[in-house]
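1. I need the structure of the sequence given here:
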Amino acid sequence: MAYEMPRSRTRPRRALRRALVVVGLTLFVCCVGAAGLAAWNFQSVRQATGPAKRAAGAFLDRVAAGDHAGAYDRLCAATRGRWSLPRFTSRVDTPPTISRYTVEDVTIASRDGRRSATVTVALTRVNGAVDDHDLPVVDGDDGWQVCGDPF
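-> Residues are numbered from 1 along each chain as shown. Coordinates of the predicted model:
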């Protein structure tokens, strides 16, 4: 009569535990990598939209304060070529004038290596009316400037 050794249950448990540890570590590394990638992506977008938002804000701050020459200086050369300072001042002073604004969205685009943005703002007029406006902003030699029809 042959004697058989009872099967040991420790080996499958050890293999299962090892596989679970490997799977757990792999998931942990993937989650950390995904979180790092998301943080990097968020930072990249914020760094791209920040200067465009500040340029639009600087322009609109001057418009709301009645500093027409300061606002005019925030326009790109092409737009200044289409709008003389007296014409620009006349347009800014046309009722109802802007009393304040809120930046609602910034969209960045790049064409032929030149970055541009569309800054969507809610303009509040002195009469209380609020209207949305897309302000075109470009990254030129002098930094970000409003370029295109400002109104």
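
2. Start and end of stretch 72-79, how far apart?
-> 9 Å (C-alpha to C-alpha, to the nearest Å).

3. now residue 120, nearest residue through space, not along the chain?
-> residue 105 (4.2 Å; C-beta to C-beta, 6 or more residues apart in numbering). Placement of C-beta: from N, CA and C, glycine included.

4. hmm, I was thinking of residue 75
-> The nearest residue in space to residue 75 (C-beta to C-beta, 6+ apart) is residue 146, at 5.3 Å.

5. again with residue 88
-> residue 72 is the one closest to residue 88 (C-beta to C-beta, 6+ apart), at 5.3 Å.

6. I figured that neighbour hits residue 85, correct?
-> Yes: contact status for residue 72 versus residue 85: in contact at 5.3 Å, counting by C-beta atoms under 8 Å.

7. Which helix or strand lies directly C-terminal to the lowest-mean-pLDDT helix or strand in the chain?
-> The helix or strand of the chain with the poorest confidence is helix 10-65; it has a mean of 79 (mean pLDDT, DSSP states H and E). Counting by DSSP states H and E, the next helix or strand C-terminal to helix 10-65 is helix 68-73.

8. average pLDDT for stretch 72-87?
-> On average, the pLDDT along stretch 72-87 is 94.

9. OK, contacts around residue 62?
-> Counting by C-beta atoms under 8 Å, 6 or more residues apart in numbering, residue 62 touches 68, 70-71, 74.

10. before we move on, back to that, compare residue 72 and residue 85 and say which is more crowded by neighbours.
-> residue 72 (21 against 14; other C-beta atoms under 10 Å).

11. picking that back up, who does the residue nearest to residue 75 bridge with?
-> Counting by DSSP bridges, residue 146 is bridged to residue 75, residue 137.

12. burial count for it?
-> For residue 146, the neighbour count with other C-beta under 10 Å is 24.

13. any idea how far residue 32 is from it?
-> As judged by C-beta to C-beta, to the nearest Å, residue 146 and residue 32 stand 42 Å apart.

14. what's the answer for residue 150, then?
-> Distance from residue 150 to residue 32, by C-beta to C-beta: 45 Å.
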